[in-house]
Structures are given as C-alpha cells and as structure tokens.
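>>> Model the structure of this input:
(one chain, ligands or ions: 2)
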Amino acid sequence: MSAPDRSLQTVSVPSDWTPAGWRARPAAQQPHYPDEAALAEVVGELSRLPPLVTSWEILSLKKQLAEAQEGKRFLLQGGDCAESFADCESALVSNRLKVLLQMSLVLVHGLRLPVVRVGRFAGQYAKPRSADMEERDGVSLPSYRGDFINQPEFTAQARLPDPRRMVKGHARSAMTMNFVRALIDGGFADLHHPEYWDLGWVGHSPLSDEYRRMVAAVGDAVRFMETISGDTLHNLNRADFYTSHEALLLPYEEALTRQVPRQWGWFNLSTHFPWIGMRTAAIDGAHVEYFRGLRNPVAVKIGPSVTPDQLLRLVDVLNPSNEPGRLALIHRMGAAQVAQKLPPLLDAVRREGHRVLWICDPMHGNTESTSNGYKTRRFDNIRGELESAFDLHAAAGTRLGGVHLELTGENVTECTGGARELTDTDLARAYRSTVDPRLNYEQSLEIAMLIVRKQASLAAPVSA
Ligand code: PEP
Ligand code: CO
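Numbering: from 1, shown residues only. Ligands and ions are numbered 1, 2, ... in the order given. Next up, the predicted model:
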C-alpha cells in the first residue's frame, strides 16, 4: 500500500496560536515561583534582551535536518545532561566541543556523509524530575530542577525557585555561544588541523591508534584534493555547529520567542533546535501547545509507553504540513525494550507517510542505580540499544538518521564499561554529574566508531 500524499499541504502559523497560548494548558514540570510579580518582571526583561541565535541559522539547520531525513547526512547531538552555571568555564566548553568534533570526524570519515553537529548546550539548564519534593531525614524541600530554577544544595534557601536565575542562565548561554562561535570562526574546527582537538589529559587511550590513523587519512585526503585543485579547500576551515536544549521552562522559552524582519511566523531564538522531554509530551499539554507554533525544527523524546496512535496524533499536531526537516523523533526505549516497543511506532509513521527524522537516544532508557548508590549506565546497554535501533530501522524500511548522547570531554567515571572496562567501584573516582551519568571522552569516541562499524555491516551485501 502506498503512503498518503501529503505534499499539497502548505506550511503556515496556526491561526489560533500565540507564544503565551500554552498558559491555558496544564504545564507539567514547572517550578512554583513564590512571587508572581518577580516572575513577570523577569519575563519582560528577557523578552527585551538580544536573542542567542538567528532565524537564518535555524532555517539552515532545518534544511540540513531534511537532508538527514533523506539519508544524505547523519546527525550527532550531544552534551551534558544538565549544564551548570559553575561549569560555564573555558576548558569545559572547549573540551566538550573537541569531543563532538572528534566524533564527527570519525562519522564523516566512516559514513562518507556530512554530519549535522548539534550541541546540548547554551541553555540546557532546566530538568524534569520524578517528584516535586525531595525528602531527606524527615525534611522535605522542592526538588532541584536545574540551575535555571534553583540550586542543588539541600537547604530551603538553595531550593527556592528564583526567577532571576533565568536572566543569569540567558547570560551564561550567551557566553557559551559566544565562545563556541569564536572558536569555530577562529579555525578551531579546521579540518587541516584536527590535532587542535586533542584533549590534553588523554594519555594512551585504547582507541587512540585507530583515531590517529583516521586523522592521518583525512589529512591525506585534504592535501590530495588541494594538490589536484591547486587551491585551499576553504569550506574545511570551519564547521557548522548548532545548539539544542530541552525547552522545559516555558516562561523562559516564551520570552525568547520572537518575530523577525522579512520572515513570517515565530522563532524560538534561545536555541536552534528545542526538544520536548518524555515527561512533558502530553498531546493536550502546555509544551506541545507551545511547540506547535514555532518555525524551528523541533524534536520530541519518545519513551516505551507511547502507543502508535498517540505518536501519530503528536506528529499531526507538531507537523501538520508534513514539512521536511521540521520534526525529529528521539526514541529512548532502553536496551531491554527497544525490540518490542520501537517497530510498531516505525511502522505506523511510515504507513502514514509522515516525514520525520528518527534519532536514537540510547542513554535515558538505560539508567540504573548501583548498590553503592550511584546512578549509572552500562556501556553494553548503550551499545546494545543503539545497535538494535539500526537493525530495527533497517527491518522496518525506515532510516536511523542520528544519535542523541549525554557526554563530556572530561575524564569522568559515570558510565561503566567501555574500552577501559570501568566497573562500579571506579564510579567513585570521578563522578561529577549532578543529574544523569555521561559518557566520558573515550566512551564517546567508541560510540562513534561503533556507529561506523554498524552502518558498514548493514551496508555490506549479505553473502548467499
Ligand atoms: C534528558 O534528555 O536529559 C531527559 C531528561 O530525557 P528524557 O526526557 O528522554 O527522559
Ligand atoms: Co539526562
């Protein structure tokens, strides 16, 4: 049966939509600000401050995502689970950028495809929590919801939601963006010099030989092309880099939602590519209402409890015109459930002829607690979910166009396993995340290499 033809529908702003319209819907995962007037004042102030990104960058990303949907690009999205104001430091920002650049080099080289690079940064400051309150020794305080909202220390003062923190978060996001843009414009991402991306602390890594061989091969290819063309390949001097975050804290997102000259519609100018988290994706909820009116490309996290019917309704609301590059679905099922939960969703979306970009987040369905009290993820489960996702898409006739990861350029010990075979007892050594466990540098690079190997095995002709 052929898919329905949706190509005649046109793209426009829904006539019943405004940036504040979400306020009439139930908004999950929002803090309870004690002072409404202070909140309104902050929203007013934020709505006058300069935006962090521009509409033309957003539209160029949308085009790239449309190409990724067609298999002409691969998307790499990664960064911290939650940024913190204290971590807005030059080394942390540049190390994270280096890891993403190294991973993208591995992917470009191995997949023979351009990579769309999207950081989880410059605004990833608000977190959904399983409970509104946290209890310790008989004391109950509001949960820590990310630096945009309150502070992690367990005191009444630190946990009180303070709207001024949004202004501080906007400034930190702007500093992060500014530094990333300056590094990239200054040649940091220059393919002629991938050695700039080496991380100082990395000693002999089990993966470094393979990585260095790849760098040498890329260098040879660049020099070869320049020799035969007799010129410098200028577009290798810089790499596009886009930002994303979970657009959870709606007063902040509303304040950064703007109209711009010579463009129709509304753009969220706090980030290029906002996403809706799994806990706030209710079809009649405030987040879906807010997102449906944006011109940005948007993503939704899809967990194991979503049914095919629910997913199709979400896709209809978020991308009624079936616009290419508009909607990404980030599935995060967990290694144990992916084989059962994912195929019916892939079939339903394909059958209805919806254009979406499928992305696998192999992190959030694989979180567990160790007996010594650490929240961790096993590398084998992350690898398992990712590899299954490639197989399941191939079997369904859909395409896995990208990966969404929590990672850092620091030498942390938060996820177990990987090339250095970290164990539960290693976790105490360098566990720094205040929320979810991240892949460290080596584990991240290993994931990139694994994606390449997996794709190659799928592309290889099956012998009779
Ligand atoms: C996250 O990406 O940090 C997150 C909370 O994910 P999810 O909404 O998929 O649980
Ligand atoms: Co997380």
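>>> Which residues belonging to the worst-scoring helix or strand of the chain on mean pLDDT are considered buried?
Across the helices and strands of the chain, mean pLDDT, DSSP states H and E gives its lowest value to helix 208-229, namely a mean of 76. Using 16 or more other Cβ atoms under 10 Å as the test for burial, helix 208-229 gives Tyr211, Met214, Val215, Val218, Val222. Using the backbone N, CA and C atoms, a C-beta is placed for each residue, glycine as well.
>>> the helices in the stretch 251-400 of the chain, which residues?
286-292, 308-318, 338-351, 379-396 (DSSP state H, counting those that start in this stretch).
>>> Not counting its own residues, what contacts the shortest one?
Spelled out, it's helix 286-292. 14, 17, 19, 21-28, 247-248, 250, 253-254, 274, 276-277, 280-282, 298, 314, 317-318 (Cβ atoms under 8 Å, 6 or more residues apart in numbering).
>>> now swap in the second one and tell me
Outside of helix 308-318, the residues within contact range by Cβ under 8 Å, 6+ apart are 281, 283, 288, 291-292, 298, 300, 302, 326-327, 329, 344-345, 347-349, 352, 354, 356.
>>> Next, the angle helix 338-351 makes with that helix.
Helix 308-318 and helix 338-351 are oriented at 50 degrees to each other (axes from the mean of the first three to the mean of the last three Cα atoms, to 10 degrees).
>>> returning to that earlier point: ok, which of the helices of the stretch 251-400 of the chain comes nearest ligand 2?
Comparing the helices of the stretch 251-400 of the chain by their distance to ligand 2 (Cβ to the ion), the top pick is helix 379-396, with 12.7 Å.
>>> That closest one versus helix 338-351: what angle between them?
Going by the same axes, to 10 degrees, helix 379-396 makes 30 degrees with helix 338-351.
>>> Which elements pack onto helix 379-396?
The criterion is 3 or more Cβ pairs under 8 Å, 6 or more residues apart in numbering; DSSP states H and E, and the helices and strands that helix 379-396 contacts are helix 338-351, strand 357-360, strand 400-406, helix 441-459.
>>> what packs against the longest one?
By that I understand helix 441-459. On a contact count with 3+ Cβ pairs under 8 Å, 6+ apart, helix 441-459 meets strand 74-79, helix 90-111, helix 379-396, strand 400-406.
>>> Dump those to CSV, plus mean pLDDT and distance to ligand 2.
Converted to CSV, the helices and strands packed on helix 441-459 look like this (pLDDT from 0 to 100; distance: least, Cβ to the ion, whole Å):
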stretch, mean pLDDT, distance to ligand 2
strand 74-79, 98, 10
helix 90-111, 92, 15
helix 379-396, 98, 13
strand 400-406, 98, 5
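>>> Could you export those as a markdown table, including mean neighbour count and distance to ligand 1?
Formatted as a markdown table, the helices and strands packed on helix 441-459 follow (neighbours: other Cβ atoms under 10 Å; distance: least, Cβ to the nearest ligand atom, whole Å):
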| stretch | mean neighbour count | distance to ligand 1 |
| --- | --- | --- |
| strand 74-79 | 26 | 10 |
| helix 90-111 | 21 | 15 |
| helix 379-396 | 19 | 13 |
| strand 400-406 | 25 | 7 |
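>>> which stretch among those comes nearest Leu141?
The closest of these to Leu141 is strand 400-406. By Cβ to Cβ, the value is 25.8 Å.
>>> Just the CA coordinates for the closest one, please, in CSV.
Extracted as CSV, the C-alpha positions of strand 400-406 are listed here (Å, rounded to 0.1, in the frame of the first residue of the first chain):
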residue,chain,number,x,y,z
LEU,A,400,18.0,6.0,11.7
GLY,A,401,19.3,9.4,10.9
GLY,A,402,21.1,10.4,14.1
VAL,A,403,22.1,9.8,17.6
HIS,A,404,21.5,11.8,20.8
LEU,A,405,24.0,11.3,23.6
GLU,A,406,25.0,12.6,27.1
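>>> Paired strands for it, with orientation please.
Paired neighbours of strand 400-406 in the sheet (DSSP bridges): strand 74-79 (parallel), strand 357-360 (parallel).
>>> Tell me which of these lies nearest to Val115.
Taking Cβ to Cβ, strand 74-79 is the member of the strands paired with strand 400-406 nearest to Val115, at 5.4 Å.
>>> Show me how far the closest one is from its chain's centre.
The chain centroid and the centroid of strand 74-79 are separated by 6 Å under Cα atoms, centre = their mean, to the nearest Å.
>>> For the closest residue to ligand 1 within the stretch 301-450 of the chain, list each beta-bridge partner.
Relative to ligand 1, the nearest point of the stretch 301-450 of the chain is Lys301 (3.6 Å; Cβ to the nearest ligand atom). Assessed by DSSP bridges, Lys301 has beta-bridge partners Ile330.
>>> Could you pull up the contacting residues of the residue of the stretch 101-250 of the chain found nearest ligand 2?
As assessed by Cβ to the ion, ligand 2 sits closest to Lys127 within the stretch 101-250 of the chain, at 7.5 Å. Lys127 is in contact with Cys81, Ala82, Tyr144, Arg145, Gly146, Glu246, Leu248, Val435, counting by Cβ under 8 Å, 6+ apart.
>>> Keep only those residues that also lie close to ligand 2.
Counting by Cβ under 5 Å from the ion, the subset of the contacts of Lys127 that neighbours ligand 2 consists of Cys81.
>>> Of the contacts of Lys127, just say which sits nearest to Leu405.
Cys81 (10.3 Å).
>>> for the closest residue to the closest one other than its chain neighbours, helix, strand, or coil?
Nearest residue to Cys81, sequence neighbours excluded (Cβ to Cβ, 6 or more residues apart in numbering): Asp436, at 3.7 Å. Secondary structure, DSSP: H, G, I helix; E, B strand; the rest coil: Asp436 is coil.
>>> so how many other residues sit close to Asp436?
A total of 18 residues lie near Asp436 under the criterion other Cβ atoms under 10 Å.
>>> repeat for the one 4 residues further on
Burial of Asn440, expressed as a neighbour count using other Cβ under 10 Å, amounts to 23.
>>> Distance-wise, check the closest residue in space to it that isn't next to it in sequence relative to Met449.
Distance criterion Cβ to Cβ, 6+ apart; nearest residue to Asn440, sequence neighbours excluded, is Val412 at 4.9 Å. Val412 sits at a distance of 20 Å from Met449 (criterion: Cβ to Cβ, to the nearest Å).
>>> Same question for Glu253.
Distance from Glu253 to Met449, by Cβ to Cβ: 36 Å.
>>> Which of these two has more residues huddled nearby?
Glu253 (24 against 19).
>>> What residues does the chain have near ligand 1?
Cys81, Pro128, Glu246, Gly277, Met278, Arg279, Lys301, Arg332, His364, Asp436 (Cβ under 6 Å from any ligand atom).
>>> who wins for neighbours among these?
Glu246 (27 neighbours).
>>> That one contacts Met278, doesn't it?
No - applying Cβ atoms under 8 Å as the test, Glu246 and Met278 come out as separate, 9.7 Å apart.
>>> Return every residue with contacts to both of the two.
In contact with both Glu246 and Met278: Pro128, using Cβ under 8 Å, 6+ apart.
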